[in-house]
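Q: Sharing a model that was predicted from the sequence below.
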Amino acid sequence: MTKQQANWSPYDNSGGSCVAIAGADYCVIAADTRMSTGYNILTREYSKICKLADKCVMASSGFQADVKALQKQLAARHLIYQHQHNKQMSCPAMAQLLSNTLYYKRFFPYYSFNVLGGLDNEGKGCVFTYDAVGSYEKVGYSSQGSGSTLITPFLDNQLKSPSPLLLPAQDAVTPLGEAEAIDLIKTVFASASERDIYTGDKIEIVVVNADGIRREYMELRKD
Amino acid sequence: MFRNQYDTDVTTWSPAGRLFQVEYAMEAMKQGSAAIGLRSKTHVVLGCVNKANSELSSHQKKIFKVDDHIGLAIAGLTADGRVLSRYMRNECINYNFTYESPLPVGRLVVQLADKAQVCTQRSWKRPYGVGLLVAGLDESGAHLYYNCPSGNYFEYQAFAIGSRSQAAKTYLERRFENFTDSSRDDLVKDAITAIRETLQGETLKSSICTIAVVGVGEPFHILDQGTVQQIIDTFEIAAEQEGPAAEPDAATGRDTAAEQGTAADQGGSTDEGVAPMDI
């Protein structure tokens, strides 16, 4: 008697990559716009980025149906928060909420790999990175999704602070300007789409700063 | 209304076919400070008189946002009103989650009415002691509903509830035929005037009234004190100009009252910012 195996999976991988980089007074969140299933493309123009609050934006790759459900949950919870507190949720507050929401489904997880980006209460850029069940950490930059294995090493090379154990002591990384960060994002996605079949078509770049939220797009390889 | 042997229980009918507990709940509503509502084809305006327990306390919140397209004003037991507004907010959020579209006002008031009715037919419950003026927008236009503790609901062009609301109702009855085609700003002016009627002599200033608007292209929001005071000031100026022709004494009386009103308000407005419920 062999154990019966599932003949159906509730999950599917829609592919795609997400990146977020935090600056001193801004945060850039970007994701490609391709949605795939298996070796096929479902659409070239799907947004993986969702504005959760005035200063808080989330990009998620993984299974987009779960991502959509997660985004709706968070939006509803945010509305309740606004009714009760008469203000928008801060980015760190939303970060905790996202973690709790993900862990709530610990035994049937949201197949969603998230990066949360925005400005904290003092106006400084912040990025939070998650796994599928809500383990999270505040970081300076992060990448998730099918291209993350190609993107993260490059970001580490460019952005990671030198280890304090190094001798001779190396300077801490110089602060990255907003325009430089956007340029880095474009470079990184262009590289990822060369080798990752699930990343391509277009990048959607969202910038959060003191002036508000703005969006830009860049074309990528369509193959 | 006098005490009688049929009024102990909400589940006891009187021989005349009345449920006294429900009627007493309506009385509770009449004790609350006034709330008024009026609508045009595209906008609904709610207004209420702010009553504070004492000079030391902030006033109670009587206008609640339920969703971008729905808001309400209450009169009566404000605690009951708060609980009901939380229920309504939940219903809107859940409907939006399921159907990705705003909950039609008409549906919401029916749910509210059914909820109120339940409390009139359970021996272990009591009716809600609050009347609600629900203002909302849906595909069929702007709506104003009145929900009462009995579980009934009615749609109105304009209405007023709470203490001294009869004065406002009289004013609204005279003017309501014009409301359908009123502009948004005229509607707000009419609302403030209606509130002034309930004050019966007390000086009208923005610290004692709250106005909220919802309309096509305008999500439900409460007007800030500064804006309301500006509108009130335009009245007083207009009244001044009319005054000399009609009633010189009354005009000068109102004039000085307005000056005192604005001065007092400037003193008062610094305090208003502190009270957390003052939104």
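A: In hand now; what should we look at?
Q: Now do stretch A:101-112: distance to the chain's middle.
A: When distances are taken as Cα atoms, centre = their mean, to the nearest Å, stretch A:101-112 is centred 17 Å away from the chain's centroid.
Q: hang on, I meant stretch A:88-100
A: Taking mean C-alpha positions (Cα atoms, centre = their mean), stretch A:88-100 and its chain are 14 Å apart.
Q: cool, and stretch A:140-150?
A: Distance, centroid of stretch A:140-150 to centroid of chain: 8 Å (Cα atoms, centre = their mean).
Q: just stretch B:60-76 next, same as before
A: Chain-centre distance of stretch B:60-76: 8 Å, with Cα atoms, centre = their mean.
Q: repeat for stretch B:94-101
A: Using Cα atoms, centre = their mean, the offset of stretch B:94-101 from its chain centre is 27 Å.
Q: do the same with stretch A:72-85
A: 21 Å.
Q: List the buried residues for it?
A: Neighbour-count burial for stretch A:72-85, counted by 16 or more other Cβ atoms under 10 Å in any protein chain shown, picks out A:Gln73, A:Leu74, A:Ala75, A:Ala76, A:Arg77, A:His78, A:Leu79, A:Tyr81, A:His83. All C-beta atoms are positioned from the backbone trio N, CA, C, and that covers glycine.
Q: do it and chain B meet?
A: Yes - under the criterion of Cβ under 8 Å from any Cβ of the partner chain, chain B is reached by stretch A:72-85 at A:Lys72, A:Ala76, A:Leu79, A:Ile80, A:His83.
Q: which strand residues sit across from the residue of the stretch 101-250 of chain B found nearest chain A in the sheet?
A: Chain A sits closest to B:Ile222 of the stretch 101-250 of chain B, with a gap of 10.5 Å, by Cβ to the nearest Cβ. Counting by DSSP bridges, B:Ile222 forms beta bridges with B:Ala212.
Q: My read is that it contacts B:Thr210, right?
A: Yes - if you go by Cβ atoms under 8 Å, B:Ile222 and B:Thr210 touch, sitting 6.1 Å apart.
Q: Any idea how many residues pack against B:Thr210?
A: Neighbours of B:Thr210 under the rule other Cβ atoms under 10 Å in any protein chain shown: 24.
Q: again, but for A:Val139
A: 15.
Q: Can you list the residue ranges for helices in chain B?
A: B:20-31, B:78-99, B:105-118, B:165-175, B:184-199, B:225-242, B:248-272 (DSSP state H).
Q: mean pLDDT for those helices: which is lowest?
A: When these are compared on mean pLDDT, helix B:248-272 scores lowest, with a mean of 40.
Q: So B:Leu172 sits against B:Ala158, correct?
A: Yes - the pair B:Leu172 / B:Ala158 is scored as a contact, 4.1 Å apart, by Cβ under 8 Å.
Q: where do the contact lists of these two overlap?
A: Shared contacts of B:Leu172 and B:Ala158, defined by Cβ atoms under 8 Å, 6 or more residues apart in numbering or on different chains, comprise B:Ile36, B:Leu38, B:Ala194.
Q: quick one on the thing from earlier: which of the helices of chain B is buried the deepest?
A: helix B:184-199 (a mean of 21; mean count of other Cβ atoms under 10 Å in any protein chain shown).
Q: Touching that one from outside, list them.
A: Residues contacting helix B:184-199 (Cβ under 8 Å, 6+ apart): B:34, B:36-40, B:42-43, B:45-49, B:158, B:160, B:162-165, B:167-168, B:170-172, B:175, B:179, B:182, B:204, B:208-209, B:211, B:213, B:215, B:218, B:223, B:228, B:231-232, B:234-235.
Q: what does chain B have sitting close to chain A?
A: Going by Cβ under 8 Å from any Cβ, the residues of chain B near chain A are B:Lys65, B:Arg86, B:Arg89, B:Asn90, B:Ile93, B:Asn94, B:Asn96, B:Phe97, B:Ile279.
Q: Sweet, I'm off.
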